[in-house]
Every structure is written in structure tokens, then in C-alpha cells.
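# Below are the sequence and a predicted model for it; my questions follow.
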Amino acid sequence: MIDLSIVIVSWNVCDLLRRCLHSIFNGVPSDITLEVIVVDNASSDESVSMVRETFPQVHLIVNADNRGFPAANNQGIEVAKGRYVFLLNSDTEIVGDALATMLDFADAHPDVGVVGPQLLNPDGSVQSSRRRFPTLATAFLESTWLQPHAPRRVLARYYVLDRPDDLIQDVDWVKGAALMARRSAIERVGVMDEGFFMYSEELDWCRRFRDDGWRVLYLPTAQIVHYEGKSSEQVLPARHIHFQTSKVRYFRKYHGRFVAEALRLFLLASYAWQLGLESAKWLVGHRRPLRVQRIDAYRQVLASGLRCRRPEADNG
């Protein structure tokens, strides 16, 4: 059996994808059997032709439209043959022997279902990638206009700021930019929930691993550089919509309809407030090009209603 299947979902980041693939094939030890699966989500750049011409050893899946992050990852998982499946963003680069380090650790700890390496910013600083499960306070504060005013302890706990960055540790979940899952664990908990288009899918997946008794590990001895958000930043309104819609979906799935609806209405009210504020700033002539961009984004968020792509599964 293959040791490791690397699944990369890519959308319009040709140059970064090329660097990512080079880092994989240049860094994998000869004693690790490896397959790389790239799932292209209808890129309009040269990503597909680049992979075909430069990396013929890659298993390339080309989607006619953008199916979203979880659905595309599931396409890769379904054809993967490895003992472990490593979901890796296209805007990443492997550092040193990270792949071997993750495999060795997982092999030595059979109760670990998920391993998340330490993510680094391009300047070498540590990027936040480990989390506790969000509470209701987290839901109403994180990534909203209230976040700068939130009690420090609420978000510090969520971001696990009370533990050292260089400590191997059990966590609730790790970011999906680089997440390695054990094949036997996936067979028990299932693949990603495709009701999430983008964001929170790894949170949901890790929670399902934890609920099934598997450990989720943050492993800082393995490092990956992450050029964060290079795909999603190309469509700012959609980024807002997908992030907040996924948050609502997660809370409906694990906390029920009432909580999710209250959260959805609160978020919409927050965007309405921000729309009014940006409109006022535009009227007085303050940085009008920026205000126009934000006004358009917030209008699109409000028009979406932050409604999920399909009904959520309730846990209660």
C-alpha cells in the first residue's frame, strides 16, 4: 500500500501550485511511497496545463465548475490509495522532512486520527493553526466587528494562546491548509461534509474524528509554509459569505436551529451596520474607492441572507 496520498485542491494559483508540487517532490524521502492528487476547481489560469506538462506523475482531476473545497477534497480522498491522506492547500510549501516527520509520528501513535503540522508565514513566523472548539461567545465575536472589543480570554482560549507554539499537543481541531488523516479513521467517520462550500469543513471533520474517539494532534516538529488566502482573496464578497454561512451551518449542526438562526440574524445585522458606516464615510469623501469596494461586498452578503447551500444535519 502507498504510504501517503497528498490531495491538493487548486483554484487559479498556478505559480503557487508549481512551487507547492516542487517542494513535495524535492522533499519526499526515497523510502516513502507517495501519490499526489491535484483537484482543479475550474481554474481559468494555466494551472491545468502546467500540471500536465511539468508534473506528469500527478493524478489530475479537472472539474468543469468550482465544486467547493470539501467536495473537491472528497474527490481526491475517494481515489487516494495511501495509508494516510494529507490534505494540502495549493498555496503551501513543504519545509525539510515534514512529510516523514508526520508519518513517523502517526505510525508510532495508532490512536491519532489527525495530524496538523505547524504552519509558518512566508517570513518564518508561526501562523495560528490550532484551535479549541468554538463556543457561543466565539461565534458572536470572532471575525465580526465586535472582535477588537472582545474579552481577550475568549479568543485567546479559542486560538490556544495559553500553550507554547513548539509543544506537541492534543487539540480540538487544526486548520485544513495542511491536515493529515489516517485512512482507517476516515473509513469510520466518513469524508468531509459537502454542505460546507469553504471554511469550517475541517472544524466539522475534526469534531467527528474526536467524537469517534480519535486524537487530533498539533505537531510543530513538522513545518509547512502557508501563503494564506491566495485563492479566496480573489473574490472578497464570496469569502465573507462562505465564512459566515459556514459558521452558521456548523452551529446549527451542533447547537441547534435556534442558536444558528440567532447567529445568522446577528451577522446580517452586523453587516447592515457596517454597510451604513461605509456609506456614511463615502458620503463625506473618505477613501471612496475603498468604501465602494466594501459597500459592494456588504450588499452581496446581505443579499445572500447567509443561508446554507443545503439543509444542515441537526445533532439534537
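Here it is on my side, so go on. Keep in mind it's a predicted model, so treat the numbers as computed, not measured.

# quick check: domain ranges of the chain?
As given by automatic domain parsing, the domain ranges for the chain are 2-231, 235-304.

# ok, of these, where does mean pLDDT dip lowest?
Of all these, mean pLDDT reaches its minimum on domain 235-304 (a mean of 90).

# and Thr138, what is it in contact with?
The contact partners of Thr138, taken as CB atoms under 8 Å, 6 or more residues apart in numbering, are 154-155, 158. Placement of C-beta: from N, CA and C, glycine included.

# Pull out the buried residues from these.
Neighbour-count burial (16 or more other CB atoms under 10 Å) applied to the contacts of Thr138 gives 154, 158.

# In CSV: the contacts of Thr138, plus secondary structure.
Conversion of these to CSV gives the following (DSSP: H, G, I helix; E, B strand; the rest coil):
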residue, secondary structure
Val154, helix
Leu155, helix
Tyr158, helix
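
# want to throw the contacts of Thr138 into JSON lines with distance to Phe86?
Shown next, in JSON lines, are the contacts of Thr138 (distance: CB to CB, whole Å):
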{"residue": "Val154", "distance to Phe86": "32"}
{"residue": "Leu155", "distance to Phe86": "29"}
{"residue": "Tyr158", "distance to Phe86": "25"}
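
# Reduced to three states, what does the residue lying closest to Leu120 once chain neighbours are set aside come out as?
Residue nearest to Leu120 in three dimensions, not counting chain neighbours: Val225, with 4.9 Å by CB to CB, 6 or more residues apart in numbering. Assigned with three-state DSSP, Val225 falls in the strand class.

# same question, Ser30
Ser30 is classified as coil under three-state DSSP.

# what sits against the residue nearest to Leu120?
92-93, 95, 119-122.

# quick one: Leu290 and Thr144, what's the gap?
20 Å (CB to CB, to the nearest Å).

# Correction: the previous question concerned Val115.
For Val115, the distance to Thr144 equals 31 Å [CB to CB].

# more neighbours, the two?
Val115 (25 against 18; other CB atoms under 10 Å).

# picking up where we left off before, list the beta-bridge partners for the residue nearest to Leu120.
Counting by DSSP bridges, Val225 forms beta bridges with Glu93, Leu120.

# In the chain, mark out all the strands, start to finish.
2-10, 34-41, 59-63, 82-89, 92-95, 112-120, 126-127, 130-131, 169-170, 173-174, 178-182, 215-226 (DSSP state E).

# and Asp104, which of those is closest to it?
Minimum separation from Asp104 across these (CB to CB) falls at strand 215-226, 9.4 Å.

# burial count for Leu16?
Number of residues near Leu16 (other CB under 10 Å) recorded here: 19.

# Then the one 3 residues further on?
A total of 17 residues lie near Arg19 under the criterion other CB under 10 Å.

# How much space separates it from Val85?
Distance from Arg19 to Val85, by CB to CB: 22 Å.

# One more: Tyr250?
Tyr250 is 22 Å from Val85, where distance means CB to CB.

# One more: Ser128?
Computed as CB to CB, the Ser128 to Val85 distance reads 24 Å.
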